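In: quick check, what structure comes out for this input:
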Amino acid sequence: MTRKDFPSLRLSDIAAAAGVGESTVSRVLRNSGSVSEETRARVRQVVAALGYVPNRIAGTLAAAGSRVVGIVVPSLTNIVFPDLLRGAAGQLDLMGYQAVIGVSDYDGAREAELVASMLAWRPAAVMITGLEHERATPDRLRSSGARVVEMLDVDGEGLDIVVGYSNRAAAEASARHLIGRGYRRIGYVGHEISRDTRAGKRLAGFEAELARHGLALVARELHAGPSSIGAGRDGLERLLARAPALDAVYFSNDDMAIGGYFHCVARGIAIPERLALFGFNGLDVARLAPQPLATILTPRVEIGREAARLALADEPAATVDLGFILIEGATA
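Out: Sure thing, here's the model as predicted:
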């Protein structure tokens, strides 16, 4: 028995080859219902031998309730969002649901298009990043009947379920840490805060905390595109050319901060004796650097996992703040 024996492989072929009914094969593939371990193993062996791939779309349309959950993230180049998806997809798989993923590139119009496309699948839920969306997006989501979960931010009003942390509070804690270490001439290097609203909230929270201590940013450098190590390196070089007396720099995230770290190493700028660096996200590359970066560790995988669980739970609308951890590191 090989795949060539079945030119158009169907569920009924798997059932016949395994000597069971189609409903039994369906329960095994969905990992649900009562099936003996012996039968389950036999069905899986046939599935593997024949290379059968279930038609998830057909299954969704035929089922009484959708087994699809739509997820929209702004990027896949920053490890933050693959971490988020890893937590979400793992939880959805355990619950027998299939994730459909879209990437908006921090473009509100693109996010709206992706949401509209996903809603055409009649998903059980939609998981989306952030709390700020183009006007059409909340309207579509509210009228769809699908459960909605917004992730990675709790600073604002959500549509339904919100799971994340306070970007403003994280930035305020970062500012207090630098001030507590004696830094007063502080600058900022960041990326496009007009599109990445969470980075914008962090900048606002950081500046507000400085103001409460009678301080202000000495200078800032904003990169017009998305965050990257290269943008952080170049941004710090430009910032120091304008404000060479800075004693600390706050970065919009760890990607940018690691770029700044590389610039300091290349130019012989002593860290933190000459210049302190502070990031955001707690990425592995930042924590494993020769001098671990001072940063904020965010629970991305846990947020994805909890967001997926709540997306399919029969629970009222709520905001779940999973918090953050300040990592002192060795750069500030």
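In: so Ala276 sits against Leu293, correct?
Out: No - assessed by Cβ atoms under 8 Å, Ala276 is found out of contact with Leu293, at 10.6 Å. From N, CA and C alone the C-beta is placed, and that goes for glycine too.
In: which one's more surrounded, those two?
Out: Leu293 (28 against 22; other Cβ atoms under 10 Å).
In: who are the contact partners of the more buried one?
Out: Asp254, Ala257, Ile258, Tyr261, Leu277, Phe278, Gly279, Ala286, Arg287, Ile327, Gly329, Thr331 (Cβ atoms under 8 Å, 6 or more residues apart in numbering).
In: tell me who's in contact with the most centrally placed residue in the chain.
Out: The centroid of the chain falls nearest to Phe81 when counting by Cα atoms, centre = their mean (3.2 Å). Contact analysis of Phe81 by Cβ under 8 Å, 6+ apart lists Val73, Pro74, Ser75, Thr129, Arg300.
In: now the second one: closest residue in space that isn't a chain neighbour?
Out: When you say that, I think you mean Pro74. Tyr106 (4.6 Å; Cβ to Cβ, 6 or more residues apart in numbering).
In: same check, this time on the first one
Out: With Cβ to Cβ, 6+ apart as the measure, Phe81 is the residue that lies nearest to Val73, at 4.3 Å, once sequence neighbours are left out.
In: how near is the one you found to Ile71?
Out: 10 Å (Cβ to Cβ, to the nearest Å).
In: now swap in Ala171 and tell me
Out: On the measure of Cβ to Cβ, Ala171 and Ile71 end up 26 Å apart.
In: Ala124 now?
Out: 12 Å.
In: between those two, which one's more packed in?
Out: Taking neighbours as other Cβ under 10 Å, Ala124 and Ile71 compare with Ile71 leading, 29 against 22.
In: isn't the more buried one right next to Gln98, touching?
Out: No - using Cβ under 8 Å as the test, Ile71 is too far from Gln98 to be in contact (10.7 Å).
In: ok so, going back, check which helix or strand the residue nearest to the centre of the chain maps to.
Out: Secondary-structure element containing Phe81, defined by DSSP states H and E: helix 80-94.
In: now do the buried residues in that helix.
Out: For helix 80-94, a neighbour-count test (16 or more other Cβ atoms under 10 Å) marks Val80, Phe81, Pro82, Asp83, Leu84, Leu85, Gly87, Ala88, Ala89, Gln91, Leu92 as buried.
In: check the gap between the first one and Gly279 for me.
Out: The reference is to Val80. Val80 is 12 Å from Gly279, by Cβ to Cβ.
In: where do the contact lists of these two overlap?
Out: Asn253.
In: show me where the stretch 151-300 of the chain has helices.
Out: 167-180, 197-212, 229-242, 254-267, 284-287, 300-311 (DSSP state H, counting those that start in this stretch).
In: returning to that earlier point: show the contacting residues for the residue nearest to Pro74.
Out: Tyr106 neighbours (Cβ under 8 Å, 6+ apart): Pro74, Ser75, Glu192, Arg195, Asp196, Pro226.
In: SS state for the residue nearest to Val100 when sequence neighbours are not counted?
Out: Distance criterion Cβ to Cβ, 6+ apart; nearest residue to Val100, sequence neighbours excluded, is Gly70 at 5.1 Å. What DSSP: H, G, I helix; E, B strand; the rest coil gives for Gly70 is strand.
In: so Gly70 makes contact with Gly102?
Out: Yes - the criterion here is Cβ under 8 Å, and Gly70 meets it with Gly102 at 7.2 Å.
In: neighbour count: these two, which is higher?
Out: Neighbours per residue, other Cβ under 10 Å: of Gly70 and Gly102, the larger number sits with Gly70, 26 against 16.
In: which residues does that one form a beta bridge with?
Out: Note on Gly70: beta-bridge partners by DSSP bridges are Val100, Val126.
In: can you show me the strands along the stretch 1-150 of the chain?
Out: Listed in chain order, the strands found in the stretch 1-150 of the chain under DSSP state E, counting those that start in this stretch are 68-73, 98-103, 125-129, 147-151.
In: would you turn those strands into a markdown table with mean pLDDT and distance to Ala17?
Out: Below are the strands of the stretch 1-150 of the chain laid out as a markdown table (pLDDT from 0 to 100; distance: least, Cβ to Cβ, whole Å):
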| stretch | mean pLDDT | distance to Ala17 |
| --- | --- | --- |
| strand 68-73 | 96 | 28 |
| strand 98-103 | 95 | 24 |
| strand 125-129 | 97 | 35 |
| strand 147-151 | 97 | 38 |
